[in-house]
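Colleague: With the sequence up front, the predicted model follows.
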Amino acid sequence: MILISEQFLLGKVQQLRKEGKKIITTNGCFDILHPGHIETFRDARNMGDVLIVLVNSDINPYFKTKPGRPINTEDSRMAMLDAIQYIDFVYSFSEETPVSLLEQIQPAIHVKGGDYMKENLPEYAAVKKYGGDVVIIPTVSVYSTTQIIQKILKVYG
């Protein structure tokens, strides 16, 4: 896995934009990867030319609401994501939301999987500010990190 700096990522984004590439982003913790994540990445990548996945770092405030999480370390999660063919760049962020990164990247589309209402996402206002859009990809209901953890606990608990 190649670790990239924010400066490198933003430089690549600027170069890709000059080349006329449509940049797509998504974000999440991606703690235990499952086929639902892969479908989201595939669908997101099909919306543009470049997919950037922003990953909650291990110290991200999101995990304070999830005792015992993340299960997999940031490095492990990023290595797994880096190996997925639909993803062009993986970058971790420590802030509660990726809003500041999105304001700098300015993707054409920011994708979220799940049952979110895009207007309620903090990312929505940031992306709409410069004319981008947020697209919600429906969750594949048979896949859930929480359900995987519950099954492991049931079997091995």
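Modeller: That came in fine, so what should we check first? Everything numeric in this text was worked out from a predicted model, so none of it was measured.
Colleague: going forward, measure contacts and count neighbours with C-alpha atoms only.
Modeller: Will do.
Colleague: Need the contact partners of stretch 49-68.
Modeller: By CA atoms under 8 Å, 6 or more residues apart in numbering, the residues outside stretch 49-68 that reach it are 21-30, 41, 44-45, 69-70, 73-74, 78, 86-96, 98.
Colleague: From the chain's centroid, how far away is it?
Modeller: Centre-to-centre, stretch 49-68 and its host chain are 8 Å apart (CA atoms, centre = their mean, to the nearest Å).
Colleague: Next, the buried residues of that stretch.
Modeller: Neighbour counts over stretch 49-68 (16 or more other CA atoms under 10 Å) mark 50-58, 60, 62-63 as buried.
Colleague: Tell me, how many residues neighbour the residue lying closest to residue 56 once chain neighbours are set aside?
Modeller: Residue nearest to residue 56 in three dimensions, not counting chain neighbours: residue 29, with 4.8 Å by CA to CA, 6 or more residues apart in numbering. Taking other CA atoms under 10 Å as the criterion, the count of residues near residue 29 is 22.
Colleague: and if you look at residue 15?
Modeller: Neighbourhood size, residue 15 [other CA under 10 Å]: 12.
Colleague: Could you report the distance from the residue nearest to the spatial centre of the chain to residue 96?
Modeller: The chain has residue 27 as the residue nearest its centroid, 2.1 Å off, counting by CA atoms, centre = their mean. Residue 27 sits 11 Å away from residue 96, going by CA to CA, to the nearest Å.
Colleague: Equivalent analysis for residue 143, please.
Modeller: Look at residue 143 and residue 96: by CA to CA, they are 25 Å apart.
Colleague: same deal with residue 25?
Modeller: Per CA to CA, residue 25 is found 17 Å from residue 96.
Colleague: neighbour-wise, which of these two wins?
Modeller: residue 25 (26 against 13).
Colleague: Give the helix, strand or coil label for that one.
Modeller: Here residue 25 is recorded as strand under DSSP: H, G, I helix; E, B strand; the rest coil.
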